[in-house]
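J.: quick one, what's the 3D model for this:
(chains A and B)
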Protein chains: 2
Amino acid sequence: MSSYSPKLTRLIDALRRLPGVGPKSAQRMALHLLQRDREGAAFLARSVSEAMEGINQCPRTRMFCEPDHCGFCSARRDDTGQLCVVENPADLLAIESGTGYRGRYFVLMGRLSPLDGIGPEQLGLSLLIEQLSKGDVRELIIATNPTVEGEATAHYIAELAKARVVKVTRIAHGVPMGGELEYVDGGTLNHAFAGRQLL
Amino acid sequence: MSSYSPKLTRLIDALRRLPGVGPKSAQRMALHLLQRDREGAAFLARSVSEAMEGINQCPRTRMFCEPDHCGFCSARRDDTGQLCVVENPADLLAIESGTGYRGRYFVLMGRLSPLDGIGPEQLGLSLLIEQLSKGDVRELIIATNPTVEGEATAHYIAELAKARVVKVTRIAHGVPMGGELEYVDGGTLNHAFAGRQLL
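T.: Below is the predicted model:
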């Protein structure tokens, strides 16, 4: 039985390393590039190389940035006195595009997960503490995900920060907009009740 | 509102050119490569470049192959006297891995579709006719897909080939193995009835 040529097999293997791509999708992608979009393939190869060479983590926010362009470090953001802690770059962008928040950020690049060997060190918490100790942050907003690990991380950071920052807050959890109570899970409903606010 | 840095944005755009990848998946892939698999990213960039440079269409089978490696051209395959016509490279591999067929192949790289500007010329049919005219093919097996366009293509090729080849066959269409008659569509059932065979 013959199969694809070595280079094509290698291309399919490489595409399978992308998250969410199985053998069938990888084959479809590889054949699509070869058959219909060789220009797109060249663009892809170039973009991947350039991104890996040119993108680093910002020493301050830990967000991905380029040497001459960190869109999330600016004096104007510092002036707000607010610092928002998120788990991932995608969470940062979701907040930036979905809310009016324009303060500073700190990206953990993960969450506390001792079983996977992810502790305070890996999340750069000493860097966060150092920034909080300077005294220019008046509010620390903790926006980790409402999962077990995200909550544990939030709790840990809150304990560390309380001695250094006037106000430590956590984003609200409750019934999502447009959701129907009937279909919302018990945990969320409990949170929504416990977090009820005066009108 | 800030967004990702230029190189990261370009990487996400490049990944979106892959079939079946939307904005959210592309973002997830890009961040995965940056955060967790820089080695895989280098492998991907290299594999894409090498594949685009090193893979061409075989002048005989029209399958993707490399200059020093066409797994589907061999004297042993020629000796079978059988030639199988398929629409795409993936179809070829499905036949090769799922059946015991070990004859020659001819890949159309598409199907007749006049509205999209795909005629006999684009499918390399003159090359196919040339090969059939040599007289060493005793059976032409047409294995295009059982879609409207695939059927039209099969019919067209059969008409061209009948004058040149002793035996022109079409793969059987009917109820798939493991399928239940109750859930099979009418068209398939009709085909299965019309193609019934003596036991």
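J.: any low-confidence regions in chain A?
T.: A:1-2 (pLDDT under 70).
J.: what are the ranges of the helices in it?
T.: A:6-16, A:23-36, A:38-54, A:75-79, A:89-98, A:125-133, A:148-161, A:186-194 (DSSP state H).
J.: and of those, who's closest to B:Y183?
T.: Closest to B:Y183 of the helices of chain A, according to CB to CB: helix A:23-36, at 23.0 Å. The C-beta positions use only the backbone N, C-alpha and C, and glycine is treated the same way.
J.: correct me, but A:M109 touches B:L34?
T.: No: with contact defined as CB atoms under 8 Å, A:M109 does not reach B:L34; the gap is 9.9 Å.
J.: highest average neighbour count across the helices of chain A?
T.: With neighbours defined by mean count of other CB atoms under 10 Å in any protein chain shown, none of these is more surrounded on average than helix A:6-16, at a mean of 21.
J.: hmm, that one touching chain B?
T.: Yes: under the criterion of CB under 8 Å from any CB of the partner chain, helix A:6-16 makes contact with chain B via A:P6, A:K7, A:L8, A:R10, A:L11, A:D13, A:A14, A:L15.
J.: swap in stretch A:99-116?
T.: Yes: Stretch A:99-116 lies within reach of chain B by CB under 8 Å from any CB, at A:M109.
J.: can you give me the offset of that stretch from its chain's centre?
T.: 6 Å (CA atoms, centre = their mean, to the nearest Å).
J.: what sits against the closest residue in space to A:S49 that isn't next to it in sequence?
T.: Using CB to CB, 6 or more residues apart in numbering or on different chains and skipping residues adjacent in sequence, the residue nearest A:S49 is B:A45, 4.6 Å away. Shown in contact with B:A45 (CB atoms under 8 Å, 6 or more residues apart in numbering or on different chains): A:L44, A:A45, A:R46, A:V48, A:S49, A:M52.
J.: coming back round to it: for the helices of chain A, give me a markdown table that also has distance to B:A158.
T.: Output for those, formatted as a markdown table (distance: least, CB to CB, whole Å):
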| stretch | distance to B:A158 |
| --- | --- |
| helix A:6-16 | 30 |
| helix A:23-36 | 25 |
| helix A:38-54 | 33 |
| helix A:75-79 | 69 |
| helix A:89-98 | 53 |
| helix A:125-133 | 71 |
| helix A:148-161 | 62 |
| helix A:186-194 | 62 |
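J.: can you say which of those is nearest to B:I142?
T.: Smallest distance to B:I142 across the helices of chain A (CB to CB): 20.8 Å, for helix A:23-36.
J.: count of neighbours near A:I118?
T.: 17 (other CB atoms under 10 Å in any protein chain shown).
J.: which strand residues bridge it?
T.: Beta-bridge pairing for A:I118 (DSSP bridges): A:S113.
J.: from chain B, how far out is it?
T.: Separation of A:I118 from chain B (CB to the nearest CB, to the nearest Å): 12 Å.
J.: list the contacts of that residue.
T.: Counting by CB under 8 Å, 6+ apart, A:I118 has contacts A:G110, A:R111, A:L112.
J.: now the first one: phi and psi?
T.: Pointing back at A:G110 there. phi 140, psi -170 (degrees, to the nearest 10).
J.: that one contacts A:E121, doesn't it?
T.: No: contact criterion CB under 8 Å: A:G110 and A:E121 do not qualify, at 11.1 Å.
J.: more neighbours: those two, which one.
T.: The neighbour comparison of A:G110 against A:E121 (other CB under 10 Å) goes to A:G110, with 18 against 9.
J.: distance of the one residue sitting closest to the centre of chain A from B:D13?
T.: Note on chain A: the residue nearest the mean C-alpha position is A:N88, at 1.2 Å, using CA atoms, centre = their mean. The gap separating A:N88 from B:D13 is 20 Å, by CB to CB, to the nearest Å.
J.: likewise A:V85?
T.: From A:V85 to B:D13 the distance is 29 Å (CB to CB).
J.: same deal with A:T9?
T.: Distance from A:T9 to B:D13, by CB to CB: 27 Å.
J.: which residue, neighbours along the chain excluded, lies closest to A:H191?
T.: A:H173 (4.4 Å).
J.: shouldn't that neighbour be in contact with A:A194?
T.: No: using CB under 8 Å, A:H173 makes no contact with A:A194, being 9.1 Å away.
J.: touching, A:N88 and B:L31? I think so.
T.: Yes: the criterion here is CB under 8 Å, and A:N88 meets it with B:L31 at 7.0 Å.
J.: save the residues of helix A:6-16 next to chain B as TSV, and put in distance to B:L199 too.
T.: Below are the residues of helix A:6-16 next to chain B laid out as TSV (distance: CB to CB, whole Å):
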residue	distance to B:L199
A:P6	45
A:K7	47
A:L8	42
A:R10	47
A:L11	46
A:D13	45
A:A14	49
A:L15	46
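J.: now for those residues: which two are most distant?
T.: The widest separation within those (CB to CB) is 15.2 Å, between A:P6 and A:L15.
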